[in-house]
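A.B. asks: 3D, please:
(one chain, ligands or ions: 1)
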Amino acid sequence: MTKRKMPLAMWICVGLIVGVAAGLVLMAVPNGKDIANGYIKPWGTIFLNLLKFIVVPIVLFSIASGVISMQDVGKVGSIGVKTIVYYMCTTAFAVLLALLLGSIAKGMHLFTALETSGLEYTPPEGQSLMDTIVNIFPSNAVAPLVNASMLQVIVIALLLGFGILLAEEKGLVAAQVVDSLNEVFMRIMDLIIKLSPIGVACLICPVVVVNGAEVLGHLAMVLLVAYVGYILHAAIVYSATVGGLAGISPLQFFSGMAPAMMMAFSSASSVGALPLNLECVERLGARREVASFVLPLGATINMDGTAIYQGICAVFIATAYGVNLGVGEMATIVLTATLASIGTAGVPGAGMVMLAMVLESVGLPVEGIALVAGVDRIFDMGRTTVNITGDAACALIVSKMEDRKTARTRIR
Ligand code: ASP
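C.D. replies: Numbering: from 1, shown residues only. Predicted coordinates for the structure are as follows:
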């Protein structure tokens, strides 16, 4: 009799449950925090390090080989435009939804004025939008790979792919090398992904131990509103667009995405969840050349969950300080939160740093961030999950559009 193997998604789910359960047990133990941080967290960190290690070669070679397999610079441009339009529209919708939910929560007195006099928060040196744009273009071919500056790595990968295409016959060897390395790194990625269940358990356990008690405090309401926002956005926007534009039912989409979503939830890093996300969307029917371009780009610039978090926190902090946000200020928040989410790196905690930019744009005190900073990780787990699900939805939609285009040209 052959034994039926349990799918990886189930194992990851088991890992998540075991991690949370262990966290709850350790919360009750006197030195539970030390045990979690000293003995369990390092294994999670090892797993995260492995994922981070594989991300740069995967992004570099998979985008370059995606461009090469499209065989046409114009096609890359058309996919790029569709991707960016989807990313911008869904992110702007996310902020609008957040502001609406924040206002409802305020109306229901779930958000109220708080004691803010002793708060302190110094935002790290901010970057202007123009700096962010200038920094997309690397001045060195190696440094971005070493520092894992994802936007710059994407530019290098695109240029490498374009160069190989333009070199025609003379580029053939380079094309084969890129393709072969892409395959090799994909295999290494598969090996690392097999460790996900253990990694997920070790990442989530210390989070439960450290944040467990705080979540029960006055922040419960903001967290609740943020999670309602995350769930509504995913249920409305992704279900509708994936169903309408890619012909995939919400059930099929979310169950296919479950492994990547659980990974994002426990690691709070879009970049860390990228390898698993690539695997999930390919299983759901995305073209590899499209996914390998759309997903890394999304992990870097598309952050719907982060935008929701920023919108809700802006309303919460304004209310805490007794400030009323007018329509003009709300519009400014939509614009700045959309842009801030582009500038947010796909790593844990980055969205909170960019919240400072959103608050400053409407004259709210950045010290207000101190109100929500204590449980940022809990916000972050949810927003990262939404972030990567949005990237996956886009990859599937653009793939379907490309399929239809190919079918049409064949008929002609
Ligand atoms: N952790 C998020 C991500 O990786 C970014 C954020 O902090 O909002 O997608």
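
A.B. asks: Might you list the low-confidence residue ranges for this structure?
C.D. replies: Applying pLDDT under 70 to the chain flags the ranges 1-6, 115-129, 132, 213-218, 412.

A.B. asks: Let's see that with 80 instead.
C.D. replies: Applying pLDDT under 80 to the chain picks out residues 1-9, 70-73, 112-133, 135, 150-151, 210-219, 342-345, 374, 409-412.

A.B. asks: Show me what residue of the protein gets nearest to the ligand.
C.D. replies: For the chain and the ligand, the shortest gap (CB to the nearest ligand atom) falls at Gly351, measuring 2.3 Å. Every residue, glycine included, has its C-beta placed from N, CA and C.

A.B. asks: Return the distance of that residue relative to Arg288.
C.D. replies: Using CB to CB, to the nearest Å, we find Gly351 at a distance of 29 Å from Arg288.

A.B. asks: Next: Glu168.
C.D. replies: 23 Å.

A.B. asks: Could you do Ala273 as well?
C.D. replies: Relative to Arg288, Ala273 is positioned 18 Å away (CB to CB).

A.B. asks: go on, Val207?
C.D. replies: 33 Å.

A.B. asks: which of these two has more neighbours?
C.D. replies: Val207 (22 against 17; other CB atoms under 10 Å).

A.B. asks: what comes up buried for the one helix or strand Asn387 maps to?
C.D. replies: Per DSSP states H and E: Asn387 is located in helix 376-411. For helix 376-411, the buried set under the neighbour-count rule, 16 or more other CB atoms under 10 Å, comprises 376-403.

A.B. asks: Off-centre distance for it?
C.D. replies: Relative to its parent chain, helix 376-411 has a centroid offset of 12 Å by CA atoms, centre = their mean, to the nearest Å.

A.B. asks: Leu191: neighbouring residues, count only.
C.D. replies: With other CB under 10 Å as criterion, Leu191 counts 10.

A.B. asks: Can you say which helix or strand has it in it?
C.D. replies: helix 172-193.

A.B. asks: From the contact counts, what lies against whichever helix or strand comes after that helix?
C.D. replies: The first helix or strand that comes after helix 172-193 along the chain, using DSSP H and E, is helix 196-215. When contacts are defined as 3 or more CB pairs under 8 Å, 6 or more residues apart in numbering; DSSP states H and E, helix 196-215 sits against helix 8-28, helix 32-35, helix 41-70, helix 250-267, helix 376-411.

A.B. asks: wait, isn't Ile164 in contact with Ala174?
C.D. replies: Yes: between Ile164 and Ala174 a contact is recorded at 5.0 Å, counting by CB atoms under 8 Å.

A.B. asks: These two: which is more packed in?
C.D. replies: Ile164 (22 against 15).

A.B. asks: element containing the more buried one, please.
C.D. replies: helix 150-166.

A.B. asks: so that helix versus helix 172-193, what angle?
C.D. replies: 140 degrees (axes from the mean of the first three to the mean of the last three CA atoms, to 10 degrees).

A.B. asks: Can helix 150-166 be said to contact the ligand?
C.D. replies: No: counting by CB under 6 Å from any ligand atom, the ligand is not contacted by helix 150-166; separation bottoms out at 10.5 Å.

A.B. asks: in that helix, what's buried?
C.D. replies: By neighbour count on 16+ other CB under 10 Å, the buried set for helix 150-166 is 150-158, 160-161, 164-165.

A.B. asks: As JSON lines, the residues you listed with distance to Ile63 would be great.
C.D. replies: Putting the buried residues of helix 150-166 into JSON lines (distance: CB to CB, whole Å) gives the following:
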{"residue": "Met150", "distance to Ile63": "11"}
{"residue": "Leu151", "distance to Ile63": "12"}
{"residue": "Gln152", "distance to Ile63": "12"}
{"residue": "Val153", "distance to Ile63": "8"}
{"residue": "Ile154", "distance to Ile63": "6"}
{"residue": "Val155", "distance to Ile63": "10"}
{"residue": "Ile156", "distance to Ile63": "9"}
{"residue": "Ala157", "distance to Ile63": "4"}
{"residue": "Leu158", "distance to Ile63": "6"}
{"residue": "Leu160", "distance to Ile63": "8"}
{"residue": "Gly161", "distance to Ile63": "7"}
{"residue": "Ile164", "distance to Ile63": "12"}
{"residue": "Leu165", "distance to Ile63": "13"}
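
A.B. asks: any idea how far stretch 18-26 is from the chain center?
C.D. replies: So, by CA atoms, centre = their mean, the centroid of stretch 18-26 is 25 Å from its chain's centroid.

A.B. asks: Tell me the secondary structure at Leu110.
C.D. replies: coil (DSSP: H, G, I helix; E, B strand; the rest coil).

A.B. asks: That one: how many residues sit nearby?
C.D. replies: Neighbours around Leu110, by other CB under 10 Å: 16.

A.B. asks: Tell me who's in contact with it.
C.D. replies: Taking CB atoms under 8 Å, 6 or more residues apart in numbering, we find Leu110 in contact with 221, 224-225.

A.B. asks: With Ala9 instead?
C.D. replies: Taking CB under 8 Å, 6+ apart as the criterion, Ala9 is in contact with 255, 258-259, 262.

A.B. asks: Relative to Asn31, how far out is the nearest residue to Gln310 once chain neighbours are set aside?
C.D. replies: Once flanking residues are discounted, Gln310 sits nearest to Ala337: 4.4 Å by CB to CB, 6 or more residues apart in numbering. Distance check for Ala337 against Asn31: by CB to CB, it reads 41 Å.

A.B. asks: One more: Leu16?
C.D. replies: 24 Å.

A.B. asks: Which of these two has more residues huddled nearby?
C.D. replies: The neighbour comparison of Leu16 against Asn31 (other CB under 10 Å) goes to Leu16, with 19 against 9.

A.B. asks: Check the gap between that one and Phe265 for me.
C.D. replies: Counting by CB to CB - Leu16 and Phe265 are separated by 7 Å.

A.B. asks: Overlap in contacts, the two.
C.D. replies: Residues touching both Leu16 and Phe265 by CB under 8 Å, 6+ apart: Ile204.
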